[in-house]
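In: Here you go, sequence then predicted model.
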Amino acid sequence: MEHRVDVILPCLDEAAALPWIMDRLPRRYRAIVVDNGSSDGSDLIAAELGALVVHEARRGYGAAVQAGLAAATADLVVIMDCDATIDPVELPALVAVLLDDPAELVCGRRRPVDRGSWPLHSRIANAVLAALLSLGGRVRLHDLAPVRVAWRRPLLGLAITDGRYGYPLQTLLRAGRAGWRVVERDVSYRSRPDGSRSKITGTLRGTVAVATDMLRVARAEARPVVAHGGAAAARRDGVAR
């Protein structure tokens, strides 16, 4: 059975990237573009291209993802960066892992395909944070997952609260605590289509901001948190319940 998939795209001034992303989305994959205060008309472009557009006034990556999850209706969801560094054509392969493998969360591991797509300072920060995550023993990854695939309702059951850049790490930490099997698969990682640098990983200041948020989340998550509902049970018969 072919599943419908909602693709959540947190968006801040991504007018140059949206046409490429929308053109390459597979059939039955619906884009939910969460506009987080764009000034370049990203929301209008996304709507014209057929995306469901959600406006989130609270600034922050995590706040945008949460708004997208609230608007999603498909059993399966993808959370992906909206800067065209990840090719949507590769999404079905990640979804297939979730459907065919006894896993609750599938994470993309970046494999740069051109020079400059992933600056050295960002790679180092990512490697350190992934190593800290792996030290906990519950989840072992090499990358903090710019694209993630999961069943929607169990993902909501993790009750992620971070509204900033710590959202991906909090997701992984709580998934590990809830006993989820998290797997990692390679995805191509490319430069942005307009040649600009990422607002986050493309600058040292942005990378420091991300690392600071994630370390804050790591300290907070050291305290016990109870997740609501088990993902494995929710996947019975291949459909989240």
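Out: Great, that's in hand.

In: Show me what counts as buried in stretch 8-23.
Out: 8-18, 21-22 (16 or more other C-beta atoms under 10 Å). In short, each C-beta sits where N, CA and C put it, glycine included.

In: Surely residue 77 and residue 9 touch.
Out: No - applying C-beta atoms under 8 Å, one finds residue 77 not in contact with residue 9, separated by 11.2 Å.

In: before we move on, back to that, for the buried residues of stretch 8-23, please prepare TSV with the additional fields pLDDT.
Out: Formatted as TSV, the buried residues of stretch 8-23 follow (pLDDT from 0 to 100):
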residue	pLDDT
8	98
9	98
10	97
11	97
12	95
13	94
14	95
15	95
16	93
17	94
18	97
21	97
22	97
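
In: Measure how buried residue 39 is and give me the count.
Out: Residues lying near residue 39 (other C-beta atoms under 10 Å) number 8.

In: now the closest residue to it other than its chain neighbours: how far from residue 148?
Out: Of all residues not flanking residue 39 in the chain, residue 13 sits nearest, at 6.3 Å (C-beta to C-beta, 6 or more residues apart in numbering). Going from residue 13 to residue 148 by C-beta to C-beta, to the nearest Å gives 22 Å.

In: now do residue 98
Out: For residue 98, the distance to residue 148 equals 10 Å [C-beta to C-beta].

In: Give the residues shared as contacts by these two.
Out: 105, 106 (C-beta atoms under 8 Å, 6 or more residues apart in numbering).

In: Can you verify residue 13 is assigned to a helix?
Out: No - assessed with DSSP: H, G, I helix; E, B strand; the rest coil, residue 13 is coil; it does not lie in a helix.

In: shouldn't it be in contact with residue 42?
Out: Yes - Residue 13 is within contact range of residue 42, at 6.1 Å (criterion: C-beta under 8 Å).

In: which residues in the chain form helices?
Out: Along the chain, counting by DSSP state H, helices occupy 18-24, 42-48, 61-71, 91-100, 120-135, 152-157, 167-177, 204-220, 231-234.

In: one step back: okay if I get the buried residues of stretch 8-23 as a markdown table plus distance to residue 158?
Out: Shown next, in a markdown table, are the buried residues of stretch 8-23 (distance: C-beta to C-beta, whole Å):
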| residue | distance to residue 158 |
| --- | --- |
| 8 | 15 |
| 9 | 20 |
| 10 | 17 |
| 11 | 23 |
| 12 | 24 |
| 13 | 29 |
| 14 | 26 |
| 15 | 32 |
| 16 | 33 |
| 17 | 28 |
| 18 | 28 |
| 21 | 26 |
| 22 | 29 |
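
In: Which of those residues lies at the shortest distance from residue 59?
Out: Using C-beta to C-beta, residue 12 comes nearest to residue 59 of the buried residues of stretch 8-23, at 8.2 Å.

In: Leaving out chain neighbours, which residue sits closest to the closest one?
Out: Spatial nearest neighbour of residue 12, chain neighbours left out: residue 36 (4.6 Å); criterion: C-beta to C-beta, 6+ apart.

In: Neighbours of the one you found, how many?
Out: If you count neighbours by other C-beta under 10 Å, residue 36 ends up with 25.

In: what do you get for residue 89?
Out: By other C-beta under 10 Å, 11 other residues sit near residue 89.

In: Kindly report the same for residue 87.
Out: Counted with other C-beta under 10 Å, residue 87 comes out at 16.
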